[in-house]
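Asker: Model the following, please.
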Amino acid sequence: MNIKFVIPVIIEEITDKCLSKYDLDWKQLILVDNSKDGFCKKYLDKGAEIRFHPENLGVAGSWNYGIRSDADFLWIISSSLIFNKGFSELVEVTKQANEYGLLTEEAWHCIGFTRKTFDKVGMFDEQFYPGYYEDNDFGYRLKLAGIHNHPDYPSLPKVKLDVTCQGNAIALKSGVVNVRFDILQEYYKRKWGGYPGEEKFIIPFNQEIT
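Answerer: Numbers count the residues shown, from 1 in each chain. Have a look, this model is predicted:
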């Protein structure tokens, strides 16, 4: 199975600490460098796939690079995590995934999906820019597809990893990224008929659940 990892990055120090524990073939790693100075160029010689977007592609757009890859199983990872046992722990726990993927206790900081999931659900909605609510949107679509949190179907299994989190919303708190939550919330409501947990539509923008 071709396992790959996609990591959007924007702060050099945080990224370096995350990648200090990288212990696999660098060709499995997709770094989407959203920094203005393109600091990931120092990883080019290692063989990682690096996409430079100084304008900031956003979280959803960055994750979609991973979906467009040839991965059979894609790990979506936040650079805020440090994997104390190395990234090889992720390869090991992938064996516990079902046909659609695997959750971890780190929620959307570390989550893995099979190609079958993306074929069924699609890509992340890049209108949630630069970040936030793209995970709620995808999670609701997983529910509609009967993959996770649907009352009539099995959900994704969950595992615990040995990780250290460097902090939450680091880019937002540092001022590197500005987010208009009101605009994102209203877009979500227009798309699904309600805020996360209050959705009324089963088809985006138009059809109410009866």
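
Asker: For the rest of this, base every contact and every neighbour count on C-alpha atoms.
Answerer: Will do.

Asker: Now do the strands for the protein: every range, in order, please.
Answerer: With strands called from DSSP state E, the chain shows them at 3-9, 29-33, 49-52, 73-77, 81-83, 101-104, 110-114, 158-159, 163-165, 201-203, 207-208.

Asker: Report the buried residues of the third one.
Answerer: Residues Ile50, Arg51, Phe52 are the ones in strand 49-52 that count as buried (16 or more other Cα atoms under 10 Å).

Asker: Tell me what the residue nearest to the first one when sequence neighbours are not counted is bridged to.
Answerer: In this case it means Ile50. Excluding its sequence neighbours, the residue lying closest to Ile50 (Cα to Cα, 6 or more residues apart in numbering) is Leu31, at 4.8 Å. For Leu31, the beta-bridge partners under DSSP bridges are Ile7, Ile50.

Asker: can you offset everything so residue one is 39?
Answerer: That works, and once the first residue is 39, the last one we named lands at Leu69.

Asker: Can you report how many residues neighbour Leu69?
Answerer: Here the count is done by other Cα atoms under 10 Å, and Leu69 has 23 residues near it.

Asker: Could you list which residues are in contact with it?
Answerer: Residues near Leu69 by Cα atoms under 8 Å, 6 or more residues apart in numbering: Val44, Ile45, Pro46, Val47, Cys78, Ala86, Glu87, Ile88, Arg89.
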